[in-house]
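Student: Turn this into a structure:
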Amino acid sequence: MKKRSLNRRKFFTIIGAGSAAIALRPSSIFAAETVQPKAKPSTNIKDAGRIARNSMSMPGKYPGQVVLITSSKSVVDDEPVEKEAYLMIEKAVKELSGQKDIKKAWRTFVSPGEKIGLKVNPVAGKLLSTSHAVTKSVVKQLIESGIDKSDIIIWDRREMELIDTGFTAENYPGIRIMGTECKDSEGSFYDKEGKLYGEKNIDKDWYYWADVEDVYDSETIPYMINTGKYSYFTKIVTQELDKIINIPILKNAGGSITNAMKNLAFGSISNTGRLHKELWNDTCAEVCAFAPLRDKVVLNICDGLRGCFNGGPGANPQFICNYNSILVSTDPVAVDRIGYDIITEKRIAEGIQKSANPDSLKFLKMASELGLGISEKEKINLSVIKLI
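Tutor: Coordinates of the predicted model:
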């Protein structure tokens, strides 16, 4: 049973619904309601604490520590430079781990024989995807540290977006490319029995339940996989991977940030459309508290070579800029807090907003309360390295 392909405008209506709402109605998303506030829908967040943490659980080996490394040579003619990205990541990983040898530095986080997943973000297309300069640099350093190619998986929620942005077997030989939502060779989301391929890729033993639901049309449902009050984790994180390296992009979501936490949370579960309006903050924080993410994400490498300061998570050319930066941390909350300052400074400079809005960091405070990282700026140990 073949379904119509989703056109790109409709696609961004779906994936950008939450961020569009944030940009257009920031007071209702991030600030307290002033007129008869609705009770927040309940979730199953208490279930997340029923499994004991391990030594690598968020916020990881170095809570509250962030390395920010910059280089004016990292982007040339709006193209990230792989050689410079490699050097930046190498120095940052050494700095964070306290190791002088890059192999020992990486072995702080991963070991041979483990299945390592690189969570990239291709959702905005070629204009604003996790760069290949950063991704290929991470791959090379993993291999140099003793990780076999066959044990590295590049993944995201949508396989078709990975392919469209160049995350292919041709560009990454010997490395598996995986997405939860996928199509067959004829461009259909459905198999011969009329069942979504994506449904076979979700793990119904692991879920984020929230007392809110939505109705999706026939074009939208393949990108949500299921309806109802359950959002199921992808089997990629529950069954395929031992460790996850999160490689988000430095992007805004209205006056807030869509970076490490958002990349993980909304990229790892199904049925997310229902969560954007009332539970955006909760989802970013709470989904990361469940073991498949909390216990497996060992490093966050934020690709800030090119990012955006407005219009995120989509790619609006007029708002894309060169931050010439990479942020590295085991703590996704802390790295988002520092990333927020970088974006906010740019937004203020561009006249988009006059000052920082503490309400924009609600999800980081929630994540901190769940023990996932450090959200207070004064408690974060920031190391800044300027190459040139």
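
Student: Residue 145 against residue 97, yeah?
Tutor: No: using C-beta atoms under 8 Å, residue 145 is not in contact with residue 97; the gap is 11.4 Å. In short, each C-beta sits where N, CA and C put it, glycine included.

Student: Find residues that contact each of these two.
Tutor: Common neighbours of residue 145 and residue 97 (criterion: C-beta atoms under 8 Å, 6 or more residues apart in numbering): residue 105.

Student: shouldn't residue 226 be in contact with residue 199?
Tutor: Yes: proximity of residue 226 to residue 199 meets the contact threshold set by C-beta under 8 Å, at 6.9 Å.

Student: Look up phi and psi at residue 321.
Tutor: Backbone torsions of residue 321, given as degrees, to the nearest 10, read phi -140, psi 170.

Student: How about residue 351?
Tutor: Dihedral angles (degrees, to the nearest 10) for residue 351: phi 80, psi 20.

Student: Look up the pLDDT of it for me, please.
Tutor: At residue 351, the model reports a pLDDT of 96.

Student: how much space is there between it and residue 310?
Tutor: Using C-beta to C-beta, to the nearest Å, residue 351 is found at 11 Å from residue 310.

Student: What helix or strand is the residue most central in space within the chain located in?
Tutor: Nearest to the geometric centre of the chain sits residue 263, at 1.5 Å (C-alpha atoms, centre = their mean). Using DSSP states H and E, residue 263 sits within helix 260-268.

Student: Extract the C-alpha trace of that helix and format it as PDB.
Tutor: Taking Å, rounded to 0.1, in the frame of the first residue of the first chain, the C-alpha atoms of helix 260-268 are listed here in PDB:
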ATOM      1  CA  ALA A 260      21.700  18.600  23.300                       C
ATOM      2  CA  MET A 261      18.600  17.800  25.400                       C
ATOM      3  CA  LYS A 262      16.100  18.400  22.500                       C
ATOM      4  CA  ASN A 263      18.300  16.400  20.000                       C
ATOM      5  CA  LEU A 264      18.200  13.400  22.300                       C
ATOM      6  CA  ALA A 265      14.600  13.600  23.600                       C
ATOM      7  CA  PHE A 266      12.600  14.300  20.500                       C
ATOM      8  CA  GLY A 267      14.900  12.300  18.300                       C
ATOM      9  CA  SER A 268      14.500   9.100  20.400                       C
END
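
Student: which strands and helices sit next to it?
Tutor: strand 116-119, strand 152-158, strand 243-246, helix 276-286, helix 291-294, strand 297-308, helix 332-349, helix 362-369 (3 or more C-beta pairs under 8 Å, 6 or more residues apart in numbering; DSSP states H and E).

Student: Just say helix, strand or coil for residue 314.
Tutor: At residue 314, secondary structure determined by DSSP: H, G, I helix; E, B strand; the rest coil is coil.

Student: Report pLDDT for it.
Tutor: Model confidence at residue 314, expressed as pLDDT, equals 90.

Student: Same question for residue 32.
Tutor: The model's pLDDT for residue 32 equals 43.

Student: same check, this time on residue 16
Tutor: 47.

Student: Identify each of the strands in this structure and give its residue range.
Tutor: Assigned by DSSP state E, the strands in the chain fall at 65-70, 75-76, 79-80, 116-119, 152-158, 176-181, 202-209, 230-234, 243-246, 251-253, 256-258, 297-308, 320-329, 381-386.

Student: related to what we said a few turns ago, contacts only, for the residue nearest to the centre of the chain.
Tutor: Going by C-beta under 8 Å, 6+ apart, residue 263 touches 119, 121, 246-249.

Student: repeat for residue 80
Tutor: 74, 131-134, 303, 305-306.

Student: Skip the chain neighbours and tell me the closest residue to it.
Tutor: residue 133 (3.7 Å; C-beta to C-beta, 6 or more residues apart in numbering).

Student: OK, contacts around the one you found?
Tutor: 74, 80-82, 84-85, 305.

Student: Which of those residues ranks first by neighbour count?
Tutor: Neighbour tally across the contacts of residue 133 (other C-beta atoms under 10 Å): the maximum, 28 neighbours, falls on residue 74.

Student: quick one: least confident helix or strand in the chain?
Tutor: Here the helix or strand of the chain ranked lowest by mean pLDDT, DSSP states H and E is helix 26-30, holding a mean of 38.

Student: Same list as before, the strands of the chain that is, but in TSV and with distance to residue 42 and mean pLDDT included.
Tutor: Shown next, in TSV, are the strands of the chain (distance: least, C-beta to C-beta, whole Å; pLDDT from 0 to 100):
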stretch	distance to residue 42	mean pLDDT
strand 65-70	33	98
strand 75-76	45	98
strand 79-80	43	98
strand 116-119	28	98
strand 152-158	25	98
strand 176-181	26	98
strand 202-209	9	98
strand 230-234	14	98
strand 243-246	28	98
strand 251-253	24	94
strand 256-258	23	94
strand 297-308	26	98
strand 320-329	31	98
strand 381-386	36	98
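
Student: mind giving me JSON lines with those and columns for distance to residue 54?
Tutor: Listed next are the strands of the chain as JSON lines, based on distance: least, C-beta to C-beta, whole Å:
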{"stretch": "strand 65-70", "distance to residue 54": "19"}
{"stretch": "strand 75-76", "distance to residue 54": "37"}
{"stretch": "strand 79-80", "distance to residue 54": "34"}
{"stretch": "strand 116-119", "distance to residue 54": "16"}
{"stretch": "strand 152-158", "distance to residue 54": "21"}
{"stretch": "strand 176-181", "distance to residue 54": "24"}
{"stretch": "strand 202-209", "distance to residue 54": "17"}
{"stretch": "strand 230-234", "distance to residue 54": "18"}
{"stretch": "strand 243-246", "distance to residue 54": "11"}
{"stretch": "strand 251-253", "distance to residue 54": "30"}
{"stretch": "strand 256-258", "distance to residue 54": "28"}
{"stretch": "strand 297-308", "distance to residue 54": "11"}
{"stretch": "strand 320-329", "distance to residue 54": "18"}
{"stretch": "strand 381-386", "distance to residue 54": "23"}
